[in-house]
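Visitor: could you work out the structure for the sequence below:
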Amino acid sequence: MLSWKQIQLITSRQNSLVKDAVALRQESRAKREQLILIEGLRHNMTALEAYPYRNIFFSDDHEGEACFQALAQAHELDCDRIRRLAPHIFYGLTETRHSQGVISLVEAPDLRKLAGLEGITGNVLALEECRDPGNLGTIIRTADALGFAGLILLGRSVWPYNSKALRASMGSALYLPIWQAEGFAELRKQLPNYDFLAADMAGSSLHSFQPLQADSHFVLILGNEAHGLSAETKAGVDQLISIDMSGRAESLNLASAAAIMAWQLQQIYR
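Guide: I've put the predicted structure just below:
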């Protein structure tokens, strides 16, 4: 097995591999190249099981060496695609305080086409024009934790594999099926037997809601953080629903509303 000291050490920020990695912090570049930066041992351990990688960088210190030993035992690492980075270079690449000494450049999953929805079983979350990567990542994590069949992004939502969304999802974005659709009408055609529900302040109370069809599944749609649902979606869903609020707050954060509604609807549709 390759030893730690045998790994090539990079000490210059002008190295082409380092410059390419830095450039991937820009979402447009990452989307174009379909590459994502993954920090931390746990996320890399699982990501490398499912997705090809271009490069893996370890910090040239005790943390980096420990990560190398752990990954080398679990995966067959290609010596031509792993490097040690001088600490001042490595930590200049990280976006978190505790990167644990390893960063990989992994091929991003493709967003699925709606045609692939045929034959799925289980409830689905959908987000329309979601623009906040933190919200998106948190909702992906919630959908994964609650056992949803997947997530659908309607319209021009933020890329689910950008660094902020990926961190907020705690890695769930790499495993939860995510589909992309132009708009609501396209989605409705794909799931004709589902109950289509949408979150709206003017909707009926979630507290008293009952399934619209016996033994059915549901799609829960939440709108843009600032503007809510589009008129097309409001008009096309089967039911608008809302969360009863007894406090002084006028509204809930999108991710909080998604978690409450998703959990409650899962109980109702059992």
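Visitor: quick one: the strands in the stretch 1-150 of the chain?
Guide: For the stretch 1-150 of the chain, applying DSSP state E, counting those that start in this stretch gives strands covering 9-10, 35-39, 53-59, 82-85, 102-107, 112-113, 124-128, 150-154.
Visitor: what's the average pLDDT for stretch 65-82?
Guide: For stretch 65-82, mean pLDDT is 95.
Visitor: equivalent analysis for stretch 151-168, please.
Guide: Rounded mean pLDDT across stretch 151-168 is 92.
Visitor: re earlier: nearest to V219, of the strands of the stretch 1-150 of the chain?
Guide: Closest to V219 of those is strand 124-128 (Cβ to Cβ; 4.8 Å). Just so you know, the C-beta spots here come from the backbone N, C-alpha and C atoms, and that holds for glycine as well.
Visitor: quick one, that closest one and strand 150-154 angle?
Guide: When axes from the mean of the first three to the mean of the last three Cα atoms, to 10 degrees is applied, the directions of strand 124-128 and strand 150-154 differ by 20 degrees.
Visitor: now tell me what touches strand 124-128 from outside.
Guide: 136, 139, 142-143, 148-155, 157, 184, 187, 191, 194, 217-224, 229-230, 233, 258, 262 (Cβ atoms under 8 Å, 6 or more residues apart in numbering).
Visitor: show me which residues of the longest strand seen in the chain are buried.
Guide: Longest strand of the chain, by residue count under DSSP state E: strand 195-205. For strand 195-205, a neighbour-count test (16 or more other Cβ atoms under 10 Å) marks 195-200, 203 as buried.
Visitor: could you export those as TSV, including distance to D78 and pLDDT?
Guide: Shown next, in TSV, are these (distance: Cβ to Cβ, whole Å; pLDDT from 0 to 100):
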residue	distance to D78	pLDDT
D195	48	95
F196	46	97
L197	47	97
A198	47	97
A199	46	96
D200	51	94
G203	53	92
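Visitor: out of those, which is nearest to T94?
Guide: Looking across these and measuring by Cβ to Cβ, the closest to T94 is A199, at 35.5 Å.
Visitor: which SS class is D215?
Guide: With DSSP: H, G, I helix; E, B strand; the rest coil as the basis, D215 sits in coil.
Visitor: let's check: the centremost residue of this structure is which one?
Guide: Central residue of the chain (Cα atoms, centre = their mean): A173, 3.0 Å from the mean position.
Visitor: state the distance from that residue to G236.
Guide: 27 Å (Cβ to Cβ, to the nearest Å).
Visitor: before we move on, back to that, sheet-wise, list the partners of the longest strand of the chain with their directions.
Guide: Looking at strand 195-205 with DSSP bridges, its partner strands are strand 218-222 (parallel), strand 239-242 (parallel).
Visitor: so what's M245 closest to, chain neighbours aside?
Guide: L252 (7.4 Å; Cβ to Cβ, 6 or more residues apart in numbering).
Visitor: please identify the deepest-packed of the strands paired with strand 195-205.
Guide: Ranked by mean neighbour count, those are led by strand 218-222 with a mean of 25 (mean count of other Cβ atoms under 10 Å).
Visitor: what packs against whatever helix or strand comes next after that one?
Guide: Using DSSP states H and E, the helix or strand that follows strand 218-222 in sequence is helix 231-236. Here helix 231-236 touches helix 184-190, strand 195-205, going by 3 or more Cβ pairs under 8 Å, 6 or more residues apart in numbering; DSSP states H and E.
Visitor: I'd say D144 and L174 touch.
Guide: No: assessed by Cβ atoms under 8 Å, D144 is found out of contact with L174, at 9.9 Å.
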